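Colleague: Test case, fold it:
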Amino acid sequence: MYNYFLMTSEPTLTEHSPILTGKNFLGSLDLTPQSYRKVMDTAHAMKRSEFRGLKPLEGQTLAMIFEKASLRTRTTFDVAMYQLGGHSITLSNAEIGLGVRERVSDVAKNLERWVDGIMARVYLQTTLLELAQHCRVPVINGLSDSLHPVQLLADYQTLEERFGNPSGLKITYLGDGNNMANSHIEMSVLTGSDVTICTPVGYEPNGGILLNALAAGAKIKLTHSIDEALSGCQVLYTDVWISMGQEAEAERKRRAFAGYCVTPQMLERILPDGIFLHCLPAHYGEETVPEATEHPKSAVFDQAENRLHAQKALLYHLMAGQTARW
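Modeller: Numbers count the residues shown, from 1 in each chain. Purely as a prediction, here's the structure:
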């Protein structure tokens with residue numbers, strides 16, 4: 001296992017030169033295995049406080065657009081920019097009205113004149129694509145209905161802390177085939193992890209994302225059997241069944257997902273050194289219960305902490321090589 005917690009004597013950027021300057025991060029596959037490794041190494045170094053006192057984003061500003069509510073995404077990106085010496089500004093959808101009050105392209109063309117990067121937490125992946133198309137500064141996907149790649153960076157930092165290299169790691173995603181399931185599939189392409197997606201019939205992940213991953217050689221298994229999904233599982237992962245904007249489907253989904261609730265009894269069925277992850281917020285009594293997130297096998301709150309470190313590393317690699325506007 002890698003020694004991710006060994007402190008260095010002096011803070012240095014020598015081993016962590018930014019390698020993604022000016023690029024977008026709209027999905028996990030915007031990284032290569034090599035750039036993923038650099039981002040992760042930087043995230044681990046940042047968690048060890050090796051960047052303490054350094055301000056690589058001094059004078060830079062990140063615009064944060066929120067169509068969807070947020071606790072972890074807003075707080076961690078805001079704190080990350082502060083700790084890197086930069087500044088963030090929060091823009092709610094009520095203030096800018098993406099695609100309603102103003103065209104998405106016009107929002108992009110305005111923001112690029114003022115800020116050094118954009119993080120957007122939106123409903124549609126096409127909104128992110130349009131922002132990126134019309135903008136000359138990095139655009140980061142803080143969540144869409146299709147993908148949640150910044151969450152997966154934090155997840156894999158957590159996995160590396162526990163297991164080392166994630167290649168071959170047996171991960172079971174249990175629940176709705178939503179943006180989290182899609183992102184787990186993409187991360188299998190990037191890291192070589194062995195991912196099983198277990199859903200009720202009719203709730204499978206995006207077919208195009210799955211087929212592209214399989215064509216790229218990813219180790220992905222789809223099943224509707226919870227028993228099969230838990231066999232040999234090292235990492236059990238779940239997410240809410242009813243995402244923001246899907247409230248009208250709530251009762252139908254609760255019926256379809258009967259038996260999919262992660263409980264302490266279910267955690268006893270994974271491998272002895274296995275862990276439980278949930279990207280939060282949790283809808284207790286649906287996809288999990290408090291006794292599971294507080295279980296000895298739970299790494300849910302380590303995972304939440306790592307949103308800060310992983311996103312800070314991502315911001316550094318995307319923005320640190322730019323000339324500050326101020």
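Colleague: okay, CA-based contacts and neighbour counts for the rest of this
Modeller: Will do.
Colleague: If we ignore the residues flanking it in sequence, what's nearest Phe25?
Modeller: In this structure, Phe25 finds its nearest non-sequential neighbour in Ile140, 4.7 Å apart by Cα to Cα, 6 or more residues apart in numbering.
Colleague: wait, is that neighbour part of a helix?
Modeller: No: secondary structure of Ile140 (DSSP: H, G, I helix; E, B strand; the rest coil): strand, not part of a helix.
Colleague: Okay, it and Leu129: tell me how far apart.
Modeller: Taking Cα to Cα, to the nearest Å as the measure, Ile140 falls 10 Å from Leu129.
Colleague: repeat for Ser144
Modeller: Taking Cα to Cα, one finds Ser144 at 11 Å from Leu129.
Colleague: just Arg252 next, same as before
Modeller: Counting by Cα to Cα - Arg252 and Leu129 are separated by 32 Å.
Colleague: Looking at these two, which is more packed in?
Modeller: Leu129 (15 against 9; other Cα atoms under 10 Å).
Colleague: still on that earlier bit, need the pLDDT of the residue nearest to Phe25.
Modeller: Note on Ile140: pLDDT of 98.
Colleague: ok, it - how many residues close by?
Modeller: 26.
Colleague: Enumerate every residue touching it.
Modeller: Contacts for Ile140 (Cα atoms under 8 Å, 6 or more residues apart in numbering) come out as 24-26, 117-120.
Colleague: can you rerun that using 6 Å?
Modeller: 24-26, 119 (Cα atoms under 6 Å, 6 or more residues apart in numbering).
Colleague: Please apply the same query to Leu159.
Modeller: Counted by Cα under 6 Å, 6+ apart, Leu159 has zero contacts.
Colleague: How about Phe66?
Modeller: By Cα under 6 Å, 6+ apart, the contact list for Phe66 reads 92-93, 121.
Colleague: Turn those residues into a markdown table, columns for neighbour count.
Modeller: Putting the contacts of Phe66 into a markdown table (neighbours: other Cα atoms under 10 Å) gives the following:
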| residue | neighbour count |
| --- | --- |
| Ser92 | 15 |
| Asn93 | 18 |
| Arg121 | 26 |
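Colleague: Inside strands: which ones of these?
Modeller: Mapping the contacts of Phe66 onto strands (DSSP state E) picks out 92, 121.
Colleague: Among the contacts of Phe66, show me the least confident.
Modeller: Least confident by pLDDT among these: that is Asn93, with 89.
Colleague: what about the nearest residue to that residue once chain neighbours are set aside, neighbour count?
Modeller: The shortest distance from Asn93 to any non-neighbouring residue, by Cα to Cα, 6+ apart, is to Glu67 (5.0 Å). Residues lying near Glu67 (other Cα under 10 Å) number 19.
Colleague: wait, what's in contact with Glu67?
Modeller: Going by Cα under 6 Å, 6+ apart, Glu67 touches 93, 121-122.
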